[in-house]
Each structure stands twice: as structure tokens, then as C-alpha cells.
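Undergrad: This is a predicted model, with the sequence first.
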Amino acid sequence: MPKPSLSWLLVLVPVSLVVDLATDQELATFLTAAGAIIPLAGLIGRGTDQLAMHAGPRVGGLLNATFGNVTELIISIFLITRGELDIVKASLVGSIIGNLLLVLGLSLLLGGLRHEEQSFSARSAAVHSSSMVLAVIGLVMPALFVLSAGKQGFAQREVVSVTVAAVLMALYVAALVFTLVTHEHLFRTPIQGERPEWSVRRALLVLLGATALVALESEILVGALEPALADLGLSKLFVGLIVVPVIGNAAEHSSAVAMALRNKVDVTLEIAIGSSTQIALFVAPVLVFISLAAGHPMDFVFDTFEVVAVGLSTLIVALISQDGRSNWLEGAQLVAAYAIMAISFFFVRTL
Amino acid sequence: MPKPSLSWLLVLVPVSLVVDLATDQELATFLTAAGAIIPLAGLIGRGTDQLAMHAGPRVGGLLNATFGNVTELIISIFLITRGELDIVKASLVGSIIGNLLLVLGLSLLLGGLRHEEQSFSARSAAVHSSSMVLAVIGLVMPALFVLSAGKQGFAQREVVSVTVAAVLMALYVAALVFTLVTHEHLFRTPIQGERPEWSVRRALLVLLGATALVALESEILVGALEPALADLGLSKLFVGLIVVPVIGNAAEHSSAVAMALRNKVDVTLEIAIGSSTQIALFVAPVLVFISLAAGHPMDFVFDTFEVVAVGLSTLIVALISQDGRSNWLEGAQLVAAYAIMAISFFFVRTL
Amino acid sequence: MPKPSLSWLLVLVPVSLVVDLATDQELATFLTAAGAIIPLAGLIGRGTDQLAMHAGPRVGGLLNATFGNVTELIISIFLITRGELDIVKASLVGSIIGNLLLVLGLSLLLGGLRHEEQSFSARSAAVHSSSMVLAVIGLVMPALFVLSAGKQGFAQREVVSVTVAAVLMALYVAALVFTLVTHEHLFRTPIQGERPEWSVRRALLVLLGATALVALESEILVGALEPALADLGLSKLFVGLIVVPVIGNAAEHSSAVAMALRNKVDVTLEIAIGSSTQIALFVAPVLVFISLAAGHPMDFVFDTFEVVAVGLSTLIVALISQDGRSNWLEGAQLVAAYAIMAISFFFVRTL
């Protein structure tokens, strides 16, 4: 993994604390906290990678599969405790389409400009594609249920939500068993061979410290959210779909692009599509359960807009990735799809 | 074909008759009649297979293509004569998604646990996939027509329904001509080489006898349906989508799984996906015409819920089957998709 | 390119002028003008091809990519100046599904009846497929935006429309750069080797003359549209979706079929799918800008019916074309899909 050039943003950690405590500039608080989370998320990713290298491919894969989206998870938990359930859902959807379209698209575009054609494991991509289609089914059916069911109460929504979430998590575990245990030999382990730069102790300390700071900054960020939105004139939907995911994924984003430039598209796909399936099949269901425990129950019923956006993103990525080859045009098409969605989201003001 | 171990359920044939005639336990009548149909459907399937082996691949294929879902057809006709058109439609949809997701999923899951990777003819699967997409178009357009068309009368609905049904049947015949006549050599004929165990006479007698008994049990089943539903607390939609198809397909189900365990996934696909295309392109259109003749005209306008379920099932099966290889994870994903749909259907109470 | 046998229809050019000026038979005017446009569109296509052969593959490809649907463009502009924006949108959609399903379907059906299996570049087809999926995203998101957004004014609709149109046009240019410049060697240039029959001068004169006459006939056609519709009892939606595209594409249609019969399916695909992507990513966006300039601003918000029709057409073509092989059954399936859509459209009377 390349050293992220975002490290200098770490200066925003103390700055955001000062701004939050010493002033009542909510917009400045929001922006500095958001800026501070970007390099911290990068440190969490780097710490996880280093630990994974020490742990070997199987446990390492499990580590990445569990901590890969810990930043999104933390921000979401703080949003849930404030009852901002719609923003949480929007940010989950935004994270999925951001990874599938923007991160993957920019990677393939820039990688494809340097290399005429890049190749990757079509089989790996197919596992991710079918996982994403399953996630889409998990998004569509409860949404349709709510639209179709005549009289349905809160309890029924919750039962459907919790059961669907449990099925998706079971499939996430199944996909891990498949790629890490029963069919491990079929999947290239791109990290293999690279040697860790950090000791286990150092990696653990960085991981813990960065996670704690992300939690701190997330609380500040979420606290300043409402007034900052008012200042910026942005809708909650847009912030959830576009702004929060960009903050949480900036570090992953730069890794994915760097890997594509080094012609390691398999790693790019693992970061981009893998992250999306992780959010859809693991983070989102976990949040359903956490929200229940936190007393702010979040159902698994997403807006039509959101469901369709995830469905179309999955479709175009499945289509583009099935031949195991990529080029700059495919990258440009993904970025264009993201642009079309972002433009449409920008003007929707239902939240 | 293995001898179905469901044969002992045949004892329910006389039991159901006794319960129906001698008691007014509607729930017991419903359950015993349902249980009796399962082995009878198996006998119909076995009789058809034996006849097909005598008849050679071409006529045999035609026999299977015509009598493959005769149980569903008979139950549906009795439902139509009682005016239960919504249950008929739901059971058609349930049969399609049951075959595509549950039957195929369990087969690939169990087959994949025994064999690391199983292979099948991607070309055969592709013919079925495109047939299913066509069926989806045939389901979507009339449904959208009803949602979109401003003022539309009963006559217009019927004209659209009958014409779409005729187009789908024409395509079913075209696919038969393709696989049995013009491009026969491209399709493996898995039965070929197996020798029939029954004489033609015996196969015909079993086929006729089992069909007559299915008709008898179907009448009993349909007659006890309404009160049994009330006792069980199930919605008509759920019974149509989940319960009726399970009864009608149990025998096929066990054959499909047995074939996957014996690593003959081509036969499994033929049973599972082939049965779905047969219902979508042949049984459903035939019922439109039969219902017209029976004076209870059933249109070809399905619920959004049902159309989307068939569409998503087709999509995930097309995606998973296109590489001509399967493994246990793909099977698990199909079963999970079925579970998500069944959960959502369970709580919808629009019928 | 074969000499189109539609040439004798050119006699309708003077006839339509006489009928328009000398009588007030609006239906006759409509039908003769429609009939006159068919061979003129063929001449435009032939002139463009001849010029393209002189210009070499790169500039030739650009010529085809720009003038390929000039007839549709001209008819649309006259419709826009009369404020018939719904017919324009319907005719764009109709042209896309007509090319994807009817033109391609008939070509593969007839070609497949003569040749057992035909092959083509799967890579070329994949570029078109992903372009069409992008176009579908460009159709879906604004439509969903309008359905979802609470209060949205004319200005917001226009901003979304114009931006989406700009993104689609940018991607059209990107796809041209990809196929004609950066990855030219991957794409077969089927015209290569054929020698032009016309001189540059003759080709230019025919092109200019036919374009001028198409403009003249289009004005006559559009002027007689409303009364002719009333006489024929057809809805505007049906005329836009089915009648106008058939007029504009008849010549292309016969070329595509002729090429499939000569076993040059790559040219057929280029004509049929290429024409669809051109309309979706170039003609439709251009019309958004032209309509703004003309003072009859047309947004990029299509009817659910239209969006779904394009989406399903794209899906079935993507599925059928991905293996680089075709046969008569696939052609029949596309034609059947078109028939189902046409039947449903026929009865919708929302316009």
C-alpha cells in the first residue's frame, strides 16, 4: 500500500477540536471534522492492512472483511443515536454507489489511460457481482413490501427488516467461507508476498488510536451537521448520499486508484466492489441490529430512489466486469453514471 | 431418475378421501389432499420420463415439455373454476421463483458441498435465460399498461392479455423447435443412454391414473382452501406464492437435488430452469385461454410484487449460470434470495 | 451496401407535394409524405456510406456517427417547433427499441434461418451494451427525480435535463474516441476493403439533396399529423413509438437484414445497436439543446413506460449478444419482445 498523501490533513484533528470547543462556527466545525476523518480513515485502513500481512491471508482477509468500513460504521452509529436514520440509510447507499461507480470508475479510467487494457480475475468479480445482486434483492423486497402491503404496522416492518438483515449477514459469512476457506485457491491473494512495514504492536496501536479519534471526530461532525447543512443549503439526502461517503472513503479511494495505476486491478476491485458488498451485506445489517439495541430502530426499508440507484450501479458493474478486462472507456462510463446520479440526487428534497 | 422416496405419501390418497367425505375437518382435508398430490406429481413425472425414453429424444423432449407441469395446470384449472384467479396467478409466479431459486439453489448448494465445482452447458442455460427474460417482458408490459393507461376497459385488458399470451406460446414452440429440431446437436440429451424400466403400457397407465388422482385431489384441495386458510392464518397471496408451488414441485425438487448430487447439473438445470420457462411461456398462457373458455377470464396482468420477484430471480439466475460452472456459494445465494422473497410475501396482505 | 429496393418509393416525393398543395386530404398527405421519407432516408444513408469509404475508416466512422440518424433528427426538430414534445420523446424511445428489437431481431432471425450460427465481435457488442446501460441510467434517474422530488419547479427539471444530456453526449464522444482512436485496432472495420461506387462530388450532392427533401417532407408530415391521427384513430404515443421510427428506419432496416443474410452480422450490429446508442447518447441530448434554443424546451424526463421499455430492450440485447454468437431463436425472441411492447403501447392512451 502506498503511503497516503492525505497524511498532512491530520493537522485538522487538533484544529477541529479547537474550532468545536472555542467557537460556535458550526460550518467550520463540520468542515474541519470532516477533513480530519479522511486521514484517520486512511490510518485505520493502513493499520488493518499491516495487521493482515502479519496474520496471513486467511485471518488477514477476515480482518479486512470486518474492519474495512469501520469509519462508516462509527459515523453511522453516532447518526443513529441522534435519530438521523434517513441520513444513515442514504450514506449506506451513497457508500455503495460511490465505491461501485466513482472509486472503481476513476481507477479504471486513470489505470486505463496508462495501460491499454487491464485484466483481472473474472471469477472474483463474478462472486462480488452475485453478492451485490443478492443485496439488491434484499433492498428491493422490503421496499416493495412497504409499497404493496395494505395495512402494515411498525412490528411487521421490523420483523421483515430484521429477518432480511439476518439473511444478508449469513450470506456475507458464506461468501467469506467460500473465498477464504473452501475455494481459497481460486482467488488470487494480492497482498501475499508483500512484507509488513509495521510491527504488530505498532499496527494495533495505530488502529486503536485512529479508531478512537474517528469516534471523537464523528461525534463532532454529527453534532454540527444540522446547522452546517442549513448554512450550505444542502439537503440531508444529498449529504448522506454524496458528502458522508466521500469523507469515509477518501483513503480507500486513493489506494484503489494507486493500485490501478500500478496495473493491479484485482486489488482495485477488491477495494471498490469488495467494500460495496461489505457495506450491503455486513455494515447495513449490523446497523439494523445496533439501532434496535440503541433504542432508535432503523428498518431496512430504503427509498425507491436509493434502491434503483444501487440496482443500476450493480447492473453496469456486473456487465463491465464479467469479461475480466477493463479499459479507460469503461471507467469513464462508471464515472458518468455516478455524475448522472449525483446531479439527480442534488435536486431531490424529500428529506 | 431415482425412485422418489416420497412414495409412502401415497397412503394419503385414500386418507384424504376419507377425511373429505367422512369429516368436516377442512384443515385436515386440505393438508392430506396437499400431501397426497406430492407423490402423485412424482408419479406423473416418472411416467412421463419413462414414456420419453421409449419415444426417443425428440418426441421425449416434446412429452416433457408438454406434461412437465401438468400438476400445476390441473390445480390451476380447479382454482379458475372457483374464480380464485389471484391465487392462480400467485401460484404461477411462486412456481417460477420456487424453481429458479429454491429448487435450483438447494441443488447447487448440496451438489456443490459434495463436488468442489460443477459444470454444465452454458449454451443451454443461455437459451433458458433469454426465454425467461422474454417472459419477464411479457409480465412487465401488461402490468405497466394497466398502471399507465388512463381509461382502459375490461376488453382492452383482455386483448392485451390474450395477445401477449399468444406471443409467449409462439416463442415456447420456437424454443422447442430450436432445441429439438434445428439445433438439436448443440444440446446434450442427458436421458440418452438410460434405458426405460417401465413398458410403454405401464408408463401410460401410471400417467393416466396419477393424472386422474391429481385431478381428484386438486378438487378436494381447492374446495377446502378458504376455510383452511382461515384456520392457518395465511394470506391467499402467501398460499399461492409459496404453499401451492411447494406441493406441485416437491417431486421435481427431489429429482433436481438427486441429479446435482450425482454431478449431473445439466439435468438439474433442465428440471429447474426448464420448468420455470415452461410455466412462464406455456402453462400461464394456456391458462389465459382455458380461463376464457371456462367463463372466468383471467388476464395476464400480474402484481408489481410478483413481476419484480420474477424479474430479480431471472436476473440472478442468468448471472450465475452464464459461465457454465456452479459452486455451493451460488446455491446458497439463490436460497437466500428465495428466503428474502418468502419473508416479504408472508406479511403482504393485499389479497 | 445493396441498392435499396425502396427506390421506387421516390415517386411519392412529387406525389406528396401535389397532395399537400392541391387537396385537403390530410390523411393522404400524411401517408404520402411518410412514404416519401423512407427512400430519402435510404439515400442519406447511402450517401454517408459512400463518403465514409472515401474518407477512410476514422473520418468515415465519425461521419456515420454524426449523420446516421439525421432523418430522425430533422423530423424531431419539426415536431419540436410545433410543440409536440411528447411525440418527439416517444419517437426517440421508439427508434431505440425499434432498432434493438425489431431491426436486430428480424436480421438475426432471417440471417439465422440461412446460416446455422452466426458470429460477431463480442467485444464490439459489449461496448454498445455498456453504452446503452449508461443511457438507461440517464433515462431512469431524471424520471425518478420527478417522481420522487417533493416540490420541484421547471428550472430544476431543466437543470437536471441539460446536465444529464451533457454527460451523455460527453460519453458518446468518449466512445467514439475509444473505437476510432485509442482502441481502433480492436474493432473490425467491416466497410474496409469495399470500394466506393460514387464520387465524392456525387455523394455530397445526393446527401445534400436528400437531406433538403427530408426536411421538406418532414414539414408536410408533421403538419398533417394531428388530423391524420384523428382519422386513423391512433394515439400520439403509438405514432411516436411505432409509426415515426418505422418511417425513419426503414432503409437502415433493409440494410441490416441484407447484411445478416450475407453473414456479416458485425455490420448488422453496427447498424442496429450502434444506431440505438447514437440516438440515446447523441440525438436525444442534441434535441434537448436544440429545443432550448428553439424556445420549446424539452426536458429529459421520459414516461415510466418508455424508460422500462428501453431498459428491458437493453437487458435482453446485452444478454443475447454477450457470447458473440447468434441464431434464429434469438432473433425470434427479440421480435417477440417488440411485438409484446407494441401491443401494450397500442392501448395506452395517456397522450
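TA: Structure received. Fair warning: this is a prediction, and the values are worked out from it, not measured in the lab.

Undergrad: in chain A, which ranges drop under the pLDDT threshold?
TA: A:1-5, A:149-152, A:188-193, A:349-351 (pLDDT under 70).

Undergrad: try it again with 50
TA: Chain A contains residues with pLDDT under 50 at A:1-2, A:4, A:351.

Undergrad: Okay, strands next: where are they in it?
TA: Assigned strands in chain A, in chain order: A:118-119, A:325-326 (criterion: DSSP state E).

Undergrad: among those strands, which is nearest residue A:156?
TA: Within those, the stretch nearest residue A:156 is strand A:325-326; the backing value is 43.6 Å (C-beta to C-beta). Just so you know, the C-beta spots here come from the backbone N, C-alpha and C atoms, and that holds for glycine as well.

Undergrad: Pairing partners for the closest one, with directions?
TA: Its sheet considered, strand A:325-326 pairs with strand A:118-119 (antiparallel) by DSSP bridges.

Undergrad: What parts of the stretch 51-200 of chain A come near chain C?
TA: Counting by C-beta under 8 Å from any C-beta of the partner chain, the positions of the stretch 51-200 of chain A adjacent to chain C are A:116-117.

Undergrad: Tell me the residues on the stretch 51-200 of chain A that lie near chain B, please.
TA: Residues of the stretch 51-200 of chain A that fall close to chain B, judged by C-beta under 8 Å from any C-beta: A:122-123, A:126-127, A:129-131, A:133-134, A:136-138, A:140-142, A:144-145, A:147-152, A:156, A:159-160, A:163-164, A:167-168, A:170-171, A:174-175, A:178, A:182-183.

Undergrad: Next: the stretch 201-350 of chain A.
TA: Proximity of the stretch 201-350 of chain A to chain B (C-beta under 8 Å from any C-beta) is limited to residues A:318, A:322.

Undergrad: Mean neighbour count, the strands of chain A: which tops it?
TA: Comparing the strands of chain A by mean neighbour count (mean count of other C-beta atoms under 10 Å in any protein chain shown), strand A:325-326 ranks first with a mean of 22.

Undergrad: can you count the residues close to residue A:26?
TA: Residue A:26 sits with 19 neighbouring residues when counted by other C-beta atoms under 10 Å in any protein chain shown.

Undergrad: Quick check: it vs chain C, distance?
TA: From residue A:26 over to chain C the distance is 25 Å, taken as C-beta to the nearest C-beta, to the nearest Å.

Undergrad: returning to that earlier point: including distance to residue C:317, could the strands of chain A go into a markdown table?
TA: Formatted as a markdown table, these follow (distance: least, C-beta to C-beta, whole Å):
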| stretch | distance to residue C:317 |
| --- | --- |
| strand A:118-119 | 25 |
| strand A:325-326 | 20 |
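
Undergrad: which of the residues of the stretch 51-200 of chain A next to chain B are buried?
TA: Buried members of these, scored by 16 or more other C-beta atoms under 10 Å in any protein chain shown, are A:126-127, A:129-131, A:133-134, A:136-138, A:140-142, A:144-145, A:148-149, A:156, A:160, A:163-164, A:167-168, A:171, A:174-175, A:178, A:182-183.

Undergrad: can you pull the contacts of the spatially most central residue of chain A?
TA: Closest residue to the average C-alpha location of chain A: residue A:95 at 4.2 Å, with C-alpha atoms, centre = their mean. Contacts for residue A:95 (C-beta atoms under 8 Å, 6 or more residues apart in numbering or on different chains) come out as A:69, A:72, A:244-245, A:248-249, A:275-276, A:279, A:283.

Undergrad: switch to 6 Å and redo it
TA: Residues in contact with residue A:95 (C-beta atoms under 6 Å, 6 or more residues apart in numbering or on different chains) are A:72, A:245, A:279.

Undergrad: The last one contacts residue A:96, correct?
TA: Which is residue A:279. Yes - using C-beta atoms under 6 Å, residue A:279 makes contact with residue A:96 at a distance of 5.4 Å.

Undergrad: ok, and the closest non-adjacent residue to the closest residue to chain B within the stretch 201-350 of chain A?
TA: Closest contact between the stretch 201-350 of chain A and chain B, by C-beta to the nearest C-beta, is at residue A:318 (6.3 Å). Of all residues not flanking residue A:318 in the chain, residue A:129 sits nearest, at 4.0 Å (C-beta to C-beta, 6 or more residues apart in numbering or on different chains).

Undergrad: where does that neighbour sit relative to residue A:273, distance-wise?
TA: 8 Å (C-beta to C-beta, to the nearest Å).

Undergrad: same thing with residue A:50?
TA: Taken as C-beta to C-beta, the span from residue A:50 to residue A:273 is 23 Å.

Undergrad: neighbour-wise, which of those two wins?
TA: Neighbour totals were compared for residue A:50 and residue A:273, and residue A:273 leads with 26 against 22 (other C-beta under 10 Å).

Undergrad: Once you drop chain neighbours, what's closest to the more buried one?
TA: Once flanking residues are discounted, residue A:273 sits nearest to residue A:128: 4.3 Å by C-beta to C-beta, 6+ apart.

Undergrad: do the same with residue A:239
TA: residue A:229 (6.1 Å).

Undergrad: Could you check how many residues crowd around that neighbour?
TA: 19.

Undergrad: Please name the residues that touch residue A:304.
TA: Applying C-beta under 6 Å, 6+ apart to residue A:304 gives no contacts.

Undergrad: can you rerun that using 7 Å?
TA: Taking C-beta atoms under 7 Å, 6 or more residues apart in numbering or on different chains, we find residue A:304 in contact with A:143, C:144, C:148.

Undergrad: Quick check: the second one touching residue A:308?
TA: Going back to what we said before, that points to residue C:144. Yes - if you go by C-beta atoms under 7 Å, residue C:144 and residue A:308 touch, sitting 5.9 Å apart.

Undergrad: Give the closest residue to the residue nearest to the centre of chain A in space, chain neighbours not counted.
TA: Closest residue to residue A:95 apart from its sequence neighbours, by C-beta to C-beta, 6+ apart: residue A:245 at 4.2 Å.

Undergrad: any idea how far that neighbour lies from residue B:337?
TA: Separation of residue A:245 from residue B:337 (C-beta to C-beta) stands at 26 Å.

Undergrad: Same drill for the two, tell me which one is more crowded.
TA: More neighbours surround residue B:337 than the other of residue A:245 and residue B:337, with 30 against 27 (other C-beta under 10 Å).

Undergrad: correct me, but that one touches residue B:101?
TA: Yes - between residue B:337 and residue B:101 there is a contact under C-beta under 7 Å: 5.1 Å.

Undergrad: Mutual contacts of these two, please.
TA: Common neighbours of residue B:337 and residue B:101 (criterion: C-beta under 7 Å, 6+ apart): residue B:313.

Undergrad: Please give the number of neighbouring residues around the residue nearest to residue A:100 when sequence neighbours are not counted.
TA: Leaving aside its sequence neighbours, residue A:100 sits nearest to residue A:313 (C-beta to C-beta, 6+ apart; 4.4 Å). When counting by other C-beta under 10 Å, one arrives at 27 neighbours for residue A:313.

Undergrad: can you pull the contacts of residue A:313?
TA: Residue A:313 makes contacts with A:96-97, A:100-101, A:337, as judged by C-beta under 7 Å, 6+ apart.

Undergrad: from those, which single one is nearest residue B:224?
TA: Among the contacts of residue A:313, and counting by C-beta to C-beta, the member closest to residue B:224 is residue A:96, at 47.0 Å.

Undergrad: Wait, the closest one touches residue A:276, no?
TA: Yes - using C-beta under 7 Å, residue A:96 is in contact with residue A:276, at 4.6 Å.
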